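**Q** Next one to model:
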Amino acid sequence: MSARERTLQHWHPLGTLASRPITIVAAVVLPVYAVVMTWFNRDDIITLPLAVASILAIIGSSVTIVLCSSPLRAPFPQHGPLIALLFGIAALQLSVASMWTANQFVRDDWAATALGVILLALAPYRSPRYLAIAGCASALFVAIVVVAEARYFVTDVPVPVFVVVQVAPVLAMSLGAAAFSSSLVRGLERWQRHANSAVSALDESRNDWIARSVQQDHVTILNQDVVPFFAGLLSTGTVTAEDAVRAREVAESIRAVMVAEVDRTWLEGVVEQSATAVGLARQLSAEVIDDRTRLAQRLATDQRTAIRALIVALFAHPDFVPSSLRIVIEPRAERSVVTLRAAVDCSESRMRSELAPYFAVIRILFGDARVAFTQPALQLRFSYEQ
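**A** So this is what the prediction gives:
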């Protein structure tokens, strides 16, 4: 897995969604902190428009973080962190320019700390390496700015002290976020390896259980149809033309059941179980799933889990129309394309808010997932490697 993919959002999408309120709080605190500190430093400001512009820039950074971390845009867009950081750097430049030649104490400047908070808010959405590199680059920029304006400070201390005071928040928060993210990602990777090992160890016993279950199903079919038929033949002692017809019917019905069980995929089982659980099995259309080449079997375990959760959520939704469900899986070059269509007779805002966590996880796992909704038609399309 590449460094770009080693993010908390990739490994634990639901946990990232649950922690989004913390990200929002950090984004809201940023402009409030900027306004308060600007007010306290008002005596040092010589160009008020630049000070206002710096606050607007940090608001731009906050808005970027809130919008990009939305479940409707998951995974976090690649350009999002760069835009947020550029807004933060612009805020730093504008703040320094607004107090140029008049800034007396670097310790009460707010922009460098704001850069650290931005990187901290991005921790769930970017790899530890990205956070560390961005933090060091931001700290270097802050150091250059501090050295440039150090001659205007009234405190008679060495320039490196000013640099340390301003660079410390950026490095502390960025490197701390990188270390925390790295620790969690390694833990999740280790947990997945152990889980995969446990699953592999249980494969043999699980296969034995499946074989016994299939055997029991076949025995049940025989007891219901075949045994009574042969018992009737033995009791009469003769075979009539009607018996021959009946034998052919029994054989065809048993063969049809067994072929259907062999051809049945896990996805068909999920749809049937979900519909049965809410009493909607009779409302399903004749052919819900079109997967002629059985491509659904090639989905990974986490991908299957995400699709299963979405299907269960759809059937549990009060405005979902079961007869509208249609899932098509077809090969395209070296990938398989999944198209899910359904009718959800509610407003777009309600549909997206209620199903947003499921769409977010699917976007993270598949990358190219696209959701389109025109009431009541819902279409979800994504692909995966065959």
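
**Q** Would you map the helices across this structure?
**A** Ranges of helices within the chain are 8-11, 13-18, 20-40, 48-68, 80-98, 111-121, 128-149, 159-221, 227-236, 241-263, 266-277, 301-316, 348-366, based on DSSP state H.

**Q** Quick one: mean pLDDT for stretch 245-257?
**A** Averaging the model's pLDDT scores along stretch 245-257 yields 68.

**Q** now swap in stretch 147-166 and tell me
**A** 80.

**Q** do the same with stretch 277-296
**A** For stretch 277-296, mean pLDDT rounds to 79.

**Q** Flag the shaky bits of the stretch 51-200 of the chain, pLDDT-wise.
**A** Low-confidence segments of the stretch 51-200 of the chain (pLDDT under 70): 104-108, 154, 192, 194-200.

**Q** returning to what we had before: now that we have the helices of the chain, can you turn them into TSV and tack on mean neighbour count and distance to Arg381?
**A** For the C-beta atoms, the positions are set from N, CA and C on the backbone; glycine is no exception. TSV is the format used below for those (neighbours: other C-beta atoms under 10 Å; distance: least, C-beta to C-beta, whole Å):
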stretch	mean neighbour count	distance to Arg381
helix 8-11	22	21
helix 13-18	18	19
helix 20-40	16	25
helix 48-68	20	22
helix 80-98	21	23
helix 111-121	25	31
helix 128-149	19	29
helix 159-221	14	27
helix 227-236	11	49
helix 241-263	12	25
helix 266-277	17	16
helix 301-316	18	13
helix 348-366	19	10
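
**Q** now these as TSV including distance to Ala372?
**A** TSV is the format used below for those (distance: least, C-beta to C-beta, whole Å):
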stretch	distance to Ala372
helix 8-11	23
helix 13-18	21
helix 20-40	24
helix 48-68	20
helix 80-98	22
helix 111-121	30
helix 128-149	31
helix 159-221	32
helix 227-236	53
helix 241-263	31
helix 266-277	21
helix 301-316	15
helix 348-366	10
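
**Q** wait, doesn't Ala34 sit right on Ala114?
**A** Yes: the criterion here is C-beta atoms under 8 Å, and Ala34 meets it with Ala114 at 6.3 Å.

**Q** Report the set of residues contacting both of those two.
**A** Common neighbours of Ala34 and Ala114, using C-beta atoms under 8 Å, 6 or more residues apart in numbering, are Ile58, Ala91.

**Q** Could you measure from the nearest residue to Gln93 once chain neighbours are set aside over to Thr305?
**A** Residue nearest to Gln93 in three dimensions, not counting chain neighbours: Val145, with 7.4 Å by C-beta to C-beta, 6 or more residues apart in numbering. Going from Val145 to Thr305 by C-beta to C-beta, to the nearest Å gives 48 Å.

**Q** same deal with Pro71?
**A** For Pro71, the distance to Thr305 equals 17 Å [C-beta to C-beta].

**Q** now Ala57
**A** Applying C-beta to C-beta, the value for Ala57 to Thr305 is 41 Å.

**Q** With Arg326 instead?
**A** On the measure of C-beta to C-beta, Arg326 and Thr305 end up 21 Å apart.

**Q** Ok, Trp39 next?
**A** Remark: distance between Trp39 and Thr305 (C-beta to C-beta) = 50 Å.

**Q** Leu120 is in contact with Gly176, correct?
**A** Yes: counting by C-beta under 8 Å, Gly176 does reach Leu120; the two are 7.5 Å apart.

**Q** show me what contacts the residue lying closest to Gln303 once chain neighbours are set aside?
**A** The shortest distance from Gln303 to any non-neighbouring residue, by C-beta to C-beta, 6+ apart, is to Leu365 (5.3 Å). Going by C-beta under 8 Å, 6+ apart, Leu365 touches Pro13, Asp302, Gln303, Ala306.

**Q** any idea which of those residues is closest to Ala231?
**A** Of all the contacts of Leu365, Gln303 has the smallest distance to Ala231: 48.6 Å, by C-beta to C-beta.

**Q** one step back: out of the helices of the chain, nearest to Arg341?
**A** Smallest distance to Arg341 across the helices of the chain (C-beta to C-beta): 11.1 Å, for helix 301-316.

**Q** Who are the packing partners of that closest one?
**A** If contacts are counted by 3 or more C-beta pairs under 8 Å, 6 or more residues apart in numbering; DSSP states H and E, helix 301-316 sits against helix 266-277, strand 320-332, strand 335-344, helix 348-366.

**Q** what comes into contact with the shortest one?
**A** It stands for strand 335-344. 295, 298, 307, 310, 314, 317, 319-321, 324-331, 351, 373, 375-386.

**Q** Please list only the buried members of those residues.
**A** 295, 307, 310, 314, 317, 320, 324-327, 329, 351, 373, 376, 378, 380-384 (16 or more other C-beta atoms under 10 Å).

**Q** if I look at Gly367, how far off is Phe382?
**A** Gly367 is 8 Å from Phe382, where distance means C-beta to C-beta.

**Q** and the residue lying closest to Glu354 once chain neighbours are set aside, what is it in contact with?
**A** With C-beta to C-beta, 6+ apart as the criterion, Glu354 has its nearest non-adjacent residue at 6.9 Å, and that residue is His317. Residues in contact with His317 (C-beta under 8 Å, 6+ apart) are Val344, Glu354, Leu355.

**Q** Pro75: which of those residues is nearest?
**A** Nearest to Pro75 among the contacts of His317: Leu355, at 16.8 Å, using C-beta to C-beta.

**Q** Many thanks, I have nothing further to ask.
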